[in-house]
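Enquirer: predicted model follows, preceded by the sequence.
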Amino acid sequence: MDATTLCRLTIGQLGELIRSREISPVEATEAALERAERLDGDYNAFIAIWRDDAIKAARDAEREIAGGNYLGPLHGVPIALKDIFATRGCTVTNGSQIYAHDVPDYDATVVERLRAAGAIFMGSLNLYQFACGTVMNPDYGPVRNAWNRDHIAGGSSSGSGTAVAADMCFGSLGTDTGGSIRIPAVLNGIVGLKPTYGRVSRHGVFPLSGSLDHAGPLTKDVRDTALMMNVIAGYDPNDPATSELPVPDYTTALIGEIDGMRVGMPQPYFFEDLQPSVREAVMKAIEQLAQLGAVVEEQTLNHLEQAPEMLWDQIAGDAGVVHADHLASHAAILD
């Protein structure tokens, strides 16, 4: 398999080939690193590429798998992290020159869980400064859309969206407070999940709004999102907001019947001012669900037009507390 074809595989596809030893973690990691190093000058998705660490981890994974210690679908799979997740021994900037030389001595809980599952960390991904915003980072520059470099990639997890869509990594982690996983996912044509609050730990993730922050995956397809959620979801005593409910196997929800499942279609607000092609695609999806047996019910959400203002009031209040010291000492370089 040539390197371009390899890099286009999903996590699920690559994981099966690694499990069967048809492709080695080293081969997959070398291909992804080479593609990222060759293409990222056009996209600016990465803040840093951790080549040496990635190759070492890939060789370790190769030895483990050869020795019969296969850890699961993410073992030996190269992924990348939004540069806001504490990663031991690596510079984590949080998208700001204030932290340009900060090297954590611990892993965020989700990073620790991915590491334990055998994932290979390729590097850190560009984001809006302190994960607040949607257009560009004043310190590290704009991330370009994977499909049209003249267009924006969304934010704040812009690098996470573009890197996956441009096949520079097989999956990524992002964060979402007011759309920061979902926006870059949709603008780059991939899957992004903002999990239920409390489902995924934020320990070791630089906060924007503790009452609204979420961590979650960005991937090439829904199954890959389920595979990553199987690893990162679950209670964490270091994040008291996490749920103690057991973690299901998310992949099992991808198969089976949906007959009788209730699906809410919100009205109004969501269907105003849509481009015709977007409306058509959404309505086709709703019709398909109904044909498969789901019960589609219109739901009226009153006063929803007030939600954006309320959201930003909440974020501003929480962020003001988080950044009080930064505002006092670095106000000139905060965007």
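Expert: Arrived safely, thanks for sending. Numbering: from 1, shown residues only.

Enquirer: now do the contacts for P73.
Expert: With contact taken as CB atoms under 8 Å, 6 or more residues apart in numbering, P73 is in contact with 11-12, 15-16, 19, 227. Just so you know, the C-beta spots here come from the backbone N, C-alpha and C atoms, and that holds for glycine as well.

Enquirer: domain ranges for the protein?
Expert: Domain assignment for the chain, taken from the TED database, gives 3-253, 262-333.

Enquirer: can you put those in JSON lines and add mean pLDDT?
Expert: Putting the domains of the chain into JSON lines (pLDDT from 0 to 100) gives the following:
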{"stretch": "domain 3-253", "mean pLDDT": "96"}
{"stretch": "domain 262-333", "mean pLDDT": "85"}
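
Enquirer: please identify the deepest-packed of those domains.
Expert: Ranked by mean neighbour count, the domains of the chain are led by domain 3-253 with a mean of 21 (mean count of other CB atoms under 10 Å).

Enquirer: distance between the ends of that domain?
Expert: End-to-end distance for domain 3-253, by CA to CA, to the nearest Å: 32 Å.

Enquirer: still on that earlier bit, list just the nearest of the contacts of P73 to D53.
Expert: D53 lies nearest to I11 out of the contacts of P73, by CB to CB, at 19.8 Å.

Enquirer: helix, strand or coil for the closest residue to the closest one other than its chain neighbours?
Expert: Spatial nearest neighbour of I11, chain neighbours left out: D224 (4.1 Å); criterion: CB to CB, 6 or more residues apart in numbering. Of the three states, D224 takes helix under DSSP: H, G, I helix; E, B strand; the rest coil.

Enquirer: mind starting the numbering at 407 from now?
Expert: From this message on, residue numbering opens at 407, which makes the last subject D630.

Enquirer: go ahead and confirm D630 touches L415.
Expert: No: taking contacts as CB atoms under 8 Å, D630 lies outside contact range of L415: 10.0 Å.

Enquirer: overlap in contacts of the two?
Expert: Taking CB under 8 Å, 6+ apart as the contact rule, the neighbours common to D630 and L415 are F576.

Enquirer: and the lengthiest helix in the chain, what does it pack onto?
Expert: The helix that spans the most residues within the chain, counting by DSSP state H, is helix 431-449. With contacts taken as 3 or more CB pairs under 8 Å, 6 or more residues apart in numbering; DSSP states H and E, helix 431-449 sits against helix 409-413, helix 417-425, strand 452-455, helix 457-472, strand 484-488, strand 526-531, helix 564-571.

Enquirer: quick one: the helix or strand just after the last one to chain centroid distance?
Expert: Stepping forward along the backbone from helix 564-571, the first helix or strand reached (DSSP states H and E) is strand 577-582. The gap between the average C-alpha position of strand 577-582 and the chain average comes to 2 Å, counting by CA atoms, centre = their mean, to the nearest Å.

Enquirer: what of stretch 622-636?
Expert: Chain-centre distance of stretch 622-636: 9 Å, with CA atoms, centre = their mean.

Enquirer: for that stretch, which outside residues touch it?
Expert: Contacts with stretch 622-636, where a contact means CB under 8 Å, 6+ apart, come from 416-418, 421, 479-480, 520, 563, 566-567, 570-571, 576-582, 587, 590-591, 596-601, 606, 638, 653, 655-657, 659-660.

Enquirer: which one is G495 nearest to, not counting chain neighbours?
Expert: Distances taken as CB to CB, 6+ apart place V509 nearest to G495, at 6.5 Å, with adjacent residues excluded.

Enquirer: mind checking how far L415 is from V570?
Expert: 12 Å (CB to CB, to the nearest Å).

Enquirer: overlap in contacts, these two.
Expert: F576.

Enquirer: all helices for the stretch 507-656 of the chain, in order.
Expert: For the stretch 507-656 of the chain, the helices defined by DSSP state H, counting those that start in this stretch occupy 515-522, 564-571, 588-594, 628-638.

Enquirer: picking up where we left off before, how far off strand 526-531 does the longest helix of the chain point, in degrees?
Expert: Computed with axes from the mean of the first three to the mean of the last three CA atoms, to 10 degrees, the direction of helix 431-449 lies at 10 degrees from that of strand 526-531.
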